[in-house]
Structure formats: structure tokens, C-alpha cells
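**Q** Show me the folded form of this:
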Amino acid sequence: MTRQFSVALGQLFLVLIVQEAVVNQFRLPGGGFSLLLIFTLVWAILSLPEIAALIGFFSGLLMDLSQTSSGPIGHWTLLMIAACYAVAYLGSGNESLSGNPLGFTFLVASAVFFVELSFVATGVLLGVASGSFIQVLITSVGVSIWSLVVTPIFLPLISYLHEMTINKRTVI
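**A** Residues are numbered from 1 along each chain as shown. Alright, predicted model coming up:
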């Protein structure tokens, strides 16, 4: 279990580096996408709820420590714990998701939309400036649409990494 968790954290850190060094350099309309958020949510859907919450904690911590993060420390951490547990709970008993990339894509895109809205709503409660309602709506919808586009591209890779990490057999 320790080896699996260590490998998963290394993968999260690598995805954060790719997010910060490559993805954030693109100026996409509607706010772009968060590769770390997509990676974490897909990983959570494929995992048990308890493991997903743990991965959500470390993913949220990395998002909080990111240079592009706005808001207080712990804001993303709290949201990612709740979001990862929720999607893992929805995905764990749902047999229609296994082998169905379209279901994964829509679940991830809707989860991204609700996480973004939750970030803004809890940010207002914490005193973080968010902009006008129209700007928030355009950004939330834009990020969700980009997530719909990007998730099917990265889904096989994330699924493969999850299987190789969680697989209990050792490679000789």
C-alpha cells in the first residue's frame, strides 16, 4: 500500500509540473483546463472512496501550493477531498461506467463544473474576490467545455497509470 501511494503521489507531482510548465502557458478562451483536476477526478472515479479522499487531499494541497492558485491555503484541499470522495462514491457502484469513456467524460466534466462553482462560492464566504457573475459563469462553463474536450484524450493514459499503480502483482 505504501508503494502504491508513493507512486500515486509521484504521478500527481509530475502532473502538477506539466500543468504549471506547459498547460498554463496556453491562453485558451473560457479559462482553459486544469490537467491536475482532471487527473485527480478520473483517479478518484477509478478508486475506492477512502483512497480517493486521500488522493484528493494531496491533490488539493498541491493545488493550494501552486503559483496560479488564488485563495487561502486549504481552500482547494477541502474542495478536492469532498469532490474526490463524491465522485468515487458515485463511480464505485456504477457498473455503467466500467468500459464507458463517455460516462467518465461527462462525470468528470460535471464534477469540474461543480468544483469550480464550489470554489467561487466558498471563496466568497472566505472573502476572496471573484469577479462578476457573468465572468464566473463564462469561466466555469469554459473550463467544463475544455474538460469535455481534454478528458477523452487523457483518459486512457490515466486509466493505464491507475491500473499499473494499483496492480498488486510485482513485475520481475
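**Q** Please enumerate the helices of the protein.
**A** Using DSSP state H, the helices of the chain run over residues 2-21, 35-46, 49-65, 75-92, 101-126, 133-166.
**Q** The residue most central in space within the chain - nearest residue in space that isn't next to it in sequence?
**A** Nearest to the mean C-alpha position of the chain, by C-alpha atoms, centre = their mean, lies residue 37 at 2.2 Å. Once flanking residues are discounted, residue 37 sits nearest to residue 112: 6.0 Å by C-beta to C-beta, 6 or more residues apart in numbering. C-beta coordinates here come from the backbone N, C-alpha and C atoms, glycine included.
**Q** Residue 128 now?
**A** The shortest distance from residue 128 to any residue other than its chain neighbours is 4.9 Å, reached at residue 71 (C-beta to C-beta, 6+ apart).
**Q** With residue 35 instead?
**A** The shortest distance from residue 35 to any non-neighbouring residue, by C-beta to C-beta, 6+ apart, is to residue 19 (4.7 Å).
**Q** Let me know the pLDDT of that neighbour.
**A** Listed pLDDT for residue 19 reads 91.
**Q** hang on, the residue nearest to residue 128 packs against residue 125?
**A** No: using C-beta atoms under 8 Å, residue 71 makes no contact with residue 125, being 11.0 Å away.
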